[in-house]
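Chemist: Structural data only, the sequence is not supplied:
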């Protein structure tokens, strides 16, 4: 038996969450086979050995659709005699995983935050209600698909590099119905969903012309920038920066919220962050209740000082 | 053109989440239920397509009789008829199977739903429905235009978006900014009362995934307020060790 881990990459670099998924899988007991579809470099993939993979299979080039990718992943599960598929949480992962679940007759859990408890069946803890609660979920099929939340496990380091083998899959024409006609990159140096630190601004910033100080602070920290829903609704910032229940859900090590009151819908997008810092001039802002650290003060005064202090550190 | 819109019946986004019966059941006491916010984008875009291209919209929900006010709201927004599969929406696979079962003989050109429900956040149903029906599933989409028999969409990918084209039929999971949410008007509310809402019985079992017990996240230990920027930097550097 083996465990397949579906790993993702952007610009030939593996996502940090994919290393977490491999580390997670390495604690389940069976041989871990990482599967990469896309542009990840061989040296990146080989280094998954350090995180616990014993083999890496690479399908070069990307498919046009989740449908084709699901067929490929399912084929590799069969040829590797895999009973468990581990993925890291992303829109792409669940879109592929959902189809694999049908192909493999597997039980699937999203937003998994714990290793399985197998004392009585196969039970994992998952995050539900946008992080406002957790559930113990029993998976009642021989095959399982576990989509692991970001930051749920520590990345394991220490093994050695492993061999990267090229793999292929037979995709029937009936799967090839989607054409990709183009892609558009989001501007910004750091990916919001991948960032270790996120700096977000809200209505307290008073207008889009004041975002320079958010960007300066983000730059000093090597952080990504985000915003609250009202800010993207008013077109101060693009929709893809909207952090919250119906926007992007982030799970960075440090989340800095500036001029955001902390509506429950915003908290739902950030409550998996390890540390939350709130900067707000209203000491009654509900965000302080969800924060680890805070400063009660005017953003226009605090943020430039904070940026200078961070720069002085580095 | 025939559009099937799948909606979830979920607690309002401001709801306080709690559990009863020794943490084995969601406490719905005092909770206001709504159409899932992502599903709202699906229904809104379907209504826009109906206005621009002409379409018949059927809305489907898997749920008990308590979900009917939510279904009626979708009818008031502009769906033409509705199907309620009379069963508790226990897990993604079960829900997907009900939708696929209804859709397989329905001749729908597209099946739209939210990218995920905001209660269980699984995000699996669109993919499962697509696979069960053997048609493409695309998610999360932010733009959807129809040209002849071709659908042109933009789909979020990590770090950007992807533009895709697919011939109908297909399944799509929706998110902002696909369409402006629609608020039912008085005429819509009146006509919704008499639009057909058909109840069908479920098919298959629902034991793949079982939610056994619930728990709340541990309470935050309390915020530490820094008196100065230097103190905050010191805390982040030496206590949290994050910068």
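Modeler: In hand now; what should we look at? Quick caveat: nothing in here was measured; it's all calculated off a predicted structure.
Chemist: which residue does chain B bring closest to chain A?
Modeler: Across chain B, the shortest distance to chain A (CB to the nearest CB) belongs to residue B:127, at 2.6 Å. Heads up, the C-betas are built off the backbone N, CA and C, glycines and all.
Chemist: Could you check how far that residue is from residue B:119?
Modeler: Computed as CB to CB, to the nearest Å, the residue B:127 to residue B:119 distance reads 18 Å.
Chemist: Look at these two and report which has more neighbours.
Modeler: residue B:127 (29 against 20; other CB atoms under 10 Å in any protein chain shown).
Chemist: what's near enough to touch residue A:194?
Modeler: Applying CB atoms under 8 Å, 6 or more residues apart in numbering or on different chains to residue A:194 gives the contacts A:10, A:15, A:16, A:17, A:224, B:158.
Chemist: Dump those residues to JSON lines, plus secondary structure and distance to residue B:11.
Modeler: Converted to JSON lines, these look like this (DSSP: H, G, I helix; E, B strand; the rest coil; distance: CB to CB, whole Å):
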{"residue": "A:10", "secondary structure": "strand", "distance to residue B:11": "35"}
{"residue": "A:15", "secondary structure": "coil", "distance to residue B:11": "32"}
{"residue": "A:16", "secondary structure": "helix", "distance to residue B:11": "32"}
{"residue": "A:17", "secondary structure": "helix", "distance to residue B:11": "28"}
{"residue": "A:224", "secondary structure": "strand", "distance to residue B:11": "30"}
{"residue": "B:158", "secondary structure": "coil", "distance to residue B:11": "29"}
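Chemist: May I see the residues you listed organised as CSV, with pLDDT added?
Modeler: Listed next are the contacts of residue A:194 as CSV, based on pLDDT from 0 to 100:
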residue, pLDDT
A:10, 85
A:15, 91
A:16, 90
A:17, 93
A:224, 94
B:158, 81
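Chemist: And these, which is closest to residue A:270?
Modeler: residue A:224 (12.6 Å; CB to CB).
Chemist: rewinding a little: put the buried members of the contacts of residue A:194 into a ChimeraX selection.
Modeler: Remark: buried members of those, expressed as a ChimeraX selection using 16 or more other CB atoms under 10 Å in any protein chain shown:
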select /A:10,15,17,224 /B:158
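Chemist: what is residue 225 paired to in the beta sheet?
Modeler: Defaulting to chain A. residue A:199 (DSSP bridges).
Chemist: Sorry, I should have been clearer: chain B.
Modeler: In this entry, residue B:225 is beta-bridged to residue A:294, by DSSP bridges.
Chemist: How many neighbouring residues does it have?
Modeler: 15.
Chemist: what's the pLDDT at it?
Modeler: pLDDT, residue B:225: 96.
Chemist: for the longest strand anywhere in chain B, packing partners?
Modeler: Determined from DSSP state E, the single longest strand within chain B is strand B:137-147. For strand B:137-147, the elements it packs on are helix A:66-79, helix A:91-104, helix B:37-53, helix B:125-133, strand B:150-157, strand B:160-167, strand B:170-174, judged by 3 or more CB pairs under 8 Å, 6 or more residues apart in numbering or on different chains; DSSP states H and E.
Chemist: List the strands paired with it, with their directions.
Modeler: Partners of strand B:137-147 in its sheet, by DSSP bridges: strand B:150-157 (antiparallel), strand B:170-174 (parallel).
Chemist: Check whether stretch A:125-141 comes near chain B.
Modeler: Yes: interface with chain B: stretch A:125-141 contributes A:127-141 (CB under 8 Å from any CB of the partner chain).
Chemist: ok, now which ones touch residue B:38?
Modeler: So residue B:38 contacts A:246, B:113, B:114, B:115, B:116, B:117, B:118, B:140, B:173, B:174, B:175 (CB under 8 Å, 6+ apart).
Chemist: and if we set it to 6 Å?
Modeler: Residue B:38 sits next to B:114, B:115, B:174, B:175 when contact means CB atoms under 6 Å, 6 or more residues apart in numbering or on different chains.
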